[in-house]
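A.B. asks: Sharing a model prediction with you, sequence too.
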Amino acid sequence: MDDMDEIVQEFLVESYENLDQLDSDLVALEQQPGSRELLASVFRTIHTIKGTSGFLAFSKLESVAHVGENLLARLRDGQLVMTPTTTDVLLRMVDTIRALLASIESSHSEGPVEVAEVVAAIRAVLDGEEPKLPPSAGAGAEVEAPAPVHAPVAAPAPVVEAPVEEPAAEVTPEPEPEPEPAPAPEPVVEAAPAPVAAPAPVAAPAAAPAPAAGAPSEKASAADATIRVDVELLESLVRQAGELVLARNQILQRAGTLRDEDLTRACHRLNLVASEMQETVMRTRMQAIDHLWSKLPRVVRDLGNMLGRKIKLEMEGGETELDRTLLEAVKDPLTHIVRNAVDHGIEPPEVRRAAGKNEVGTLKLRAAHEGGQVVVEIRDDGKGIDPAIIGAKAVEKGLVSAGKLESLTPNDILQFLFLPGFSTAAKVTNVSGRGVGMDVVKTNIERIGGSVDVESVNGQGTVWRLRIPLTLAIVPALTVECAGQRYAMPQVNLLELVSLDTERMSKAIEDVGGAKVYRLRGALLPLIRLEEALELQRPADVELPTNLVIAVLECDGRRFGLLVDRVLDTEEIVVKPLSGALKAIGAYAGATILGDGRVSLILDVQSLARRTMRSDGIEHASDEAATQQTATGDGQRLLVVGLGDNRRVAIPLDVVTRLEEFRTESIERVGRREVVRYRGEILPLVRLSHHLGGGARASYGGQEAASVPGVVYSARGRSVAIVVDEIVDIVSGQDAHSDIDDAGLVGSAVIRDRVTELLDVRSAILAADPNFFTEQAQHELAEASKRLGV
Amino acid sequence: MSTQYATFHLAGHLFGVEVRRVQEVLTEQPRTPAPLAPYAVAGLINLRGQVVTALDLRRRLNMPDREEGKVAMNVVVRAAEEVWSLLVDSIGGVIEVTDSTFEPPPDTLSGPIRELIRGAYKLDGALLLVLDVDKALEIEGAETAA
């Protein structure tokens, strides 16, 4: 019996994958009705399902697949021509199969799913008649993969047992084309020869073109390279790898204090193995975003047809991978935004024509890795979002005063879209107005440590941009201390750190009607004292520090400063879940275990901000202001690093992708260059002390530390690392500049009372990798250097 | 019928939890305080890489705090999907009791302890109070620290 279960289980997994493929194939087929390749692929898929279901004695499933296969065979052999009606019945067949599979999965039987109707409809098409199907409204709106058991097909319309003639009997070579009810898809075909064909080569191994026979051969080819692994098993492996990393951290910290060479060497090995293992294990959970995208052509097609929109869907970067748990979390927000774009973004064809646009709207999805994150863009060329309308609505809802509205940039105003209950839909359609708004999208994305923003040009279109971390389990974090306790804070939200000595503090921190603010380069930054926000009681033996640090954070498009006693370190932390009782507090995003084995809470910066501040008192950080600040030079954020001989060098933070520790022993050589293997790549290194000359402490063997900090810069798939002796701080602004410089520098400045050299990043990167720059990157870097140069 | 209980002492009372719920017993562990948490939460401990919430049973049962300097023992128990540590004064042994000696909580018992006790076994010279672990862990929305 168990064996049987296993076979059924495997059948289900495989069939679900095949169905997704089927969806996109069919939609693509509608655009290219003549494509032999697509027809053959669809036919094969159905054939496989039919074969297996017959073997497993799922008779309903078999009958649906059987008649579907007949229809597809006709199409394939050119005896019938694909029409919208044919597509409709075929998609309906897919829905029915899906409903049957869902039922098999939940109840181990085919259940009450009604199949006669769809069988009849397909037969009707085979006979060249108009199929009797209830209007296809609901089908498109349903996004979830396994449709509920009572799928649209379950409608109890009296079944017209179609004249069951032997289909092969009437060979109508050129059947009358069906009367076409829907606007024909021709313009789409003209506009782009293969608009929806993109998702066809979906990563799913099962989809690999195999000789017609179906399942066995496909499986064989997939089995050569991959195996299926239970997700839970994988999760537990990931957890254990995380534990291993933590244990390693602890051991390294302890071993660092001992003088035992053998132990040190063993530690290095442990370090190496643990890091690599963690990397590899994390990679096993990576999935291409195509996995989500493959469902979208169907969604867009159905929705477009329902709303009378003509839409060309383009997808780019489907191979971009991210952690599957994150993929899961992104699914609904992504679908929501896509639906929203079809419903509210892209105008009906006549409106587009009147506006002088191509009546076929373009919806473009793009995914890419950028700076340690995955960025997903959903861009439409529709009517855009009118800030005036949003602004008026915001005033009407009392979210902002009319006077204040005038001072807001259009971009600021668009952020209101993310507030709960904010909807500008003129009418509630079947698609929108289901009580799900952009606020939910935002909440869901933020829950996984990502962010979402929107840009729009009135009349020209809208871009939604999701930024998602690569993986959930491990995040770079800053550890801070407050009232004798340590807390971790994800670095995603961190903009900069401002250190204040107590003398200056009383002057620097001002009071606006009870709210503390700090003037950050002229703008008022609302402050939250962590001590107060968490109602910490400072133990008698923990004195007020002589310095306080403001961590400048941004979330929800707002900036604020979190006042803590001290910043301790940056660490890659492994996020551990909290018990429900602590989660409910809303101040913590999780917990982690630091190098010394102590538990530390991870602050949920978003909720802290929301808890502590009333929204009208919060300054909206506008992108415009931010650009100005970076452009004026004194707002430049710098990473200050230390070199031997007490030198300090500043690197603009915007060229810092990540900070890493490299084990000295892992540094290898290629010719005269040093490299390190890193995340499956070979990463060229440049030792800053060598590059800048003098103070060459970094030599092999000798006195060098077991690991060295590296500043990793990545752009367009290339990375280099600048190896330094010490990471000192992140600062902003400089007090005094001079143009006294030297090779590899663009000047110097006084930062925190120390003369600090300003690195010519471009030349440092070129020293590591002379072929690093594409033209565009060159331009960007030149800009960054210019800003530094002043 | 008889049942096995892991026992511990709390402010002079003898308490018991079903043995199958107890994962392990630990001596005092370093705890990280959890600000804003309900009053009874004593902090978080690192249990071999797992972050476990520690619940001070004295506080949960509205008893006076442990005297300064007295260490708390951890009784690590499994709840539905989480692992918790119950802070107690000292650990007793595992004892087997017969159902015939069981009685529901006396009517005179009041306060939180009445809610959290399933009943008592009458032992020789002592009462074994049976803690309802799941109820004890229901602290969401419970009072926060004063």
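C.D. replies: In hand now; what should we look at?
A.B. asks: contacting residues around the lowest-mean-pLDDT helix or strand in chain B?
C.D. replies: When the helices and strands of chain B are scored by mean pLDDT, DSSP states H and E, helix B:112-116 comes last with a mean of 83. In this structure, residues lying in contact with helix B:112-116 by C-beta atoms under 8 Å, 6 or more residues apart in numbering or on different chains are B:60-62, B:105, B:129, B:131-132, B:135-136. Where you see a C-beta, it was placed from the backbone N, CA and C, and this is true even at glycine.
A.B. asks: Secondary structure element holding residue A:538?
C.D. replies: Here residue A:538 sits in a region with no helix or strand, counting by DSSP states H and E.
A.B. asks: what about it, distance to residue B:35?
C.D. replies: Applying C-beta to C-beta, to the nearest Å, the value for residue A:538 to residue B:35 is 12 Å.
A.B. asks: Same drill for those two, tell me which one is more crowded.
C.D. replies: residue B:35 (23 against 14; other C-beta atoms under 10 Å in any protein chain shown).
A.B. asks: Can you name the residue of the stretch 401-550 of chain A nearest to chain B?
C.D. replies: residue A:534 (3.8 Å; C-beta to the nearest C-beta).
A.B. asks: What's the local residue count around residue 79?
C.D. replies: As the question left the chain open, I've gone with chain A. Using other C-beta under 10 Å, the number of residues around residue A:79 comes to 14.
A.B. asks: that's the wrong chain, I wanted chain B
C.D. replies: Residue B:79: 16 neighbours (other C-beta under 10 Å).
A.B. asks: One more: residue A:646?
C.D. replies: 8.
A.B. asks: Residue A:747 contacts residue A:758, correct?
C.D. replies: Yes: assessed by C-beta atoms under 8 Å, residue A:747 is found in contact with residue A:758 at 4.8 Å.
A.B. asks: Show me which of these two is the more surrounded one.
C.D. replies: Applying other C-beta under 10 Å to residue A:747 and residue A:758 shows that residue A:758 carries more neighbours, namely 25 against 21.
A.B. asks: Pairing partners for the more buried one in the sheet, please.
C.D. replies: Counting by DSSP bridges, residue A:758 is bridged to residue A:650, residue A:747.
A.B. asks: Relative to chain B, how far out is it?
C.D. replies: 40 Å (C-beta to the nearest C-beta, to the nearest Å).
A.B. asks: Residue A:561 now?
C.D. replies: 19 Å.
A.B. asks: Was I right to think that residue contacts residue A:528?
C.D. replies: Yes: between residue A:561 and residue A:528 a contact is recorded at 7.1 Å, counting by C-beta under 8 Å.
A.B. asks: mind saving the C-alpha coords of stretch B:88-101 as CSV?
C.D. replies: The C-alpha coordinates for stretch B:88-101 follow below in CSV (Å, rounded to 0.1, in the frame of the first residue of the first chain):
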residue,chain,number,x,y,z
VAL,B,88,11.6,26.1,39.1
ASP,B,89,13.3,26.2,42.5
SER,B,90,14.7,22.7,42.6
ILE,B,91,14.2,19.3,40.9
GLY,B,92,12.6,16.3,42.5
GLY,B,93,12.6,12.8,41.2
VAL,B,94,10.3,10.9,38.8
ILE,B,95,7.5,9.3,40.7
GLU,B,96,4.8,7.0,39.7
VAL,B,97,1.4,7.6,41.1
THR,B,98,-1.9,5.6,40.9
ASP,B,99,-5.0,7.3,39.6
SER,B,100,-6.9,6.3,42.7
THR,B,101,-5.1,8.9,44.8
